[in-house]
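Colleague: need a structure here:
(one chain, ligands or ions: 1)
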Amino acid sequence: MAGAVPDLTPADVAAMAARLRSAQPAWEALGARGRSTHLLRWLDWLLDNERRILTLVQQETGKSWADASMEMAVVIDVINYFTKHAEGFLADRKVKPAGPANSVRRLRVQVRPHQLVGLITPWNGPLAGPMMDVAGALVAGAAVLCKPSEVTPLAWSEAVRGWNEEIGAPPVLGCVTGGGAAGAAVVDQVDMVMFTGSVRTGRAIAVRCAERLIPCSLELGGKDAFIVLADADIERAAGAAVWGGMTNSGQACVGVERVYVESAVYDEFVALVTAKVKALRQGMDAPGSFACDIGAMVTAAQVAIVTDHVNDAVDKGARILCGGEPGTEGNFFEPTVLVDVDHSMTCMREETFGPTLAIMRVADAEEAIALANDSEYGLSSSLWTRDRGTADRLSRRIEAGSVSVNNALVATFQMPIPMGGWKNSGLGTRFGGANGVLKYCRQQSVVEERFSLKSEPLWYPVLPAKARLISRAARLLGAHDWRRRLGLRARR
Ligand code: NAD
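Modeller: Numbering: from 1, shown residues only. The predicted structure is shown next:
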């Protein structure tokens, strides 16, 4: 066993929340630059302990070393991006007043963090998952109560221990370990919730947040479509589909799940994909060895879901071109290509979250778009064509929070632009430049008077002559034609 963590009670969570709240004001007072210094020290420590922490990731997930290593790459990018830009993102914003009556005022928007942010994450990226959101929340000046998945709590608990015990950072980061009840206790303690996970849990959290009248941001499941048009670079598209479908053993919220290929290139595409999938080396390789392409699934329950989807597809007429079976030991599932699939099958409707690619032949782009949009999910998508005009036109018709054109997954990890799901895939967005920090803040509008007169035209008493003059002035300055400006048009 790689390690153990306590199953915290609601009372433990409340006590941790109180400690974080008492440390938060000093953290906020450090300013963006001071806070960034601690985050960069944390990054140094994480890099110095990379092998040990990624070994924990690998032990608790069964990932290949390459997939585990990707997590540190995300950590580096996220911390560097938010620390570099935090000061600018959090700066007061001066705004021009609207309307002539307000020209005597100075307008400013300033932000203050939510004091305590709750961050609840799933098991597919134990280190990168929480980091994608914790960096923005911490540089914003919030204290953060994190709750990693009960399935994979070890690497993140160690990362949080590093923050609290190794780098001299203020005690504004807490790690709640435990299951759903501990997660619910986090929601009950915090001022804002950032949740990543299943639609079912996301909905329950949204309900509880509504009861508490606190904001939440939800990154939920997906069933991402990958559309290949006849003019695409088919070799590149096949490589991207295989990587996008199999990376992290298919356990990526934005993984490629459904592939729609125009008839003219279907056979070529399927042949290329099948050859590439057959060539994948599956296993749990030694730390640092980078000897495998794909690892195991995180849980036996997830292997059972993937098995059900494949069996359901085969029962309804799909063909397996390679893979299709769980491994004989551990939580492996063979990298699988399914064809002759349709939307009556679970593998085309529900999130599989496994190393499968279900490929469907379509007549044309119209059919591909209609099928891509025939889903309760709308997280991300991928569109393949050499024609930029077609890409532009079709991307606007895809019902999903992002579109990678001539690539897979890349739209997700661009911190300057938002990542978020439409439909059942979420509420709100992560990243998105300043939004990645400001979402953890409350906005405060400040209006300052340039001149201080003894009285103002709108103040009491209401005098008929003064009131008429104000009303005429409003017309004169606001109407769009002279008859209305001068009040010559009949008033009803
Ligand atoms: P899950 O919803 O079962 O659990 C996620 C987290 O919520 C866990 O930490 C869990 O303990 C906690 N939790 C459970 N019940 C709770 C409650 N009532 N109140 C508060 N917290 C509670 O999800 P999972 O099975 O761990 O993860 C897989 C799902 O996550 C997939 O659907 C996947 O698509 C999704 N996901 C989405 C993204 C994204 O950014 N959109 C990223 C990764 C994973």
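Colleague: is it true that D374 touches H343?
Modeller: Yes: assessed by C-beta atoms under 8 Å, D374 is found in contact with H343 at 6.0 Å. All C-beta spots, glycine's among them, are computed from the backbone N, C-alpha and C.
Colleague: Angles on the backbone of the residue in the chain positioned nearest to the ligand, please.
Modeller: Nearest residue of the chain to the ligand (C-beta to the nearest ligand atom) works out as G183 at 2.2 Å. G183 has phi and psi values of phi -60, psi -40 when expressed as degrees, to the nearest 10.
Colleague: Low-confidence regions, this protein specifically.
Modeller: The model of the chain has pLDDT under 70 over residues 1, 491.
Colleague: Spell out the secondary structure type for the nearest residue to W384 once chain neighbours are set aside.
Modeller: In this structure, W384 finds its nearest non-sequential neighbour in A232, 3.7 Å apart by C-beta to C-beta, 6 or more residues apart in numbering. Here A232 is coil, with the state taken from DSSP: H, G, I helix; E, B strand; the rest coil.
Colleague: Please apply the same query to the one 4 residues further on.
Modeller: Applying three-state DSSP to R236 yields a three-state assignment of helix.
Colleague: what's the spacing between it and L272?
Modeller: Using C-beta to C-beta, to the nearest Å, R236 is found at 10 Å from L272.
Colleague: who has more neighbours, those two?
Modeller: For the pair R236 and L272, the greater number of neighbours falls to L272 (19 against 13), based on other C-beta atoms under 10 Å.
Colleague: OK, contacts around the residue lying closest to that one once chain neighbours are set aside?
Modeller: When the adjacent residues along the chain are set aside, L272 lies closest to A238, with 3.6 Å between them (C-beta to C-beta, 6+ apart). Shown in contact with A238 (C-beta atoms under 8 Å, 6 or more residues apart in numbering): F269, L272, V273, K276.
Colleague: count of residues packed around the first one?
Modeller: Put plainly, it is F269. F269 has 24 nearby residues by other C-beta under 10 Å.
Colleague: where's it, which helix or strand?
Modeller: In this assignment (DSSP states H and E), F269 forms part of helix 263-278.
Colleague: in terms of contact, does the residue of the chain closest to the ligand touch I120 like I think?
Modeller: Yes: the pair G183 / I120 is scored as a contact, 5.0 Å apart, by C-beta under 8 Å.
Colleague: Now do the contacts for the residue of the chain closest to the ligand.
Modeller: Counting by C-beta under 8 Å, 6+ apart, G183 makes contact with I120, K147, V176, T201, I205.
Colleague: Also I417?
Modeller: I417 makes contacts with S402, A411, F431, G432, G433, as judged by C-beta under 8 Å, 6+ apart.
Colleague: In a strand, the last one, correct?
Modeller: No: with three-state DSSP as the criterion, G433 is located in coil rather than a strand.
Colleague: Helix or strand: which one has the residue nearest to it when sequence neighbours are not counted?
Modeller: Excluding its sequence neighbours, the residue lying closest to G433 (C-beta to C-beta, 6+ apart) is P416, at 4.8 Å. Following DSSP H and E, there is no helix or strand that holds P416.
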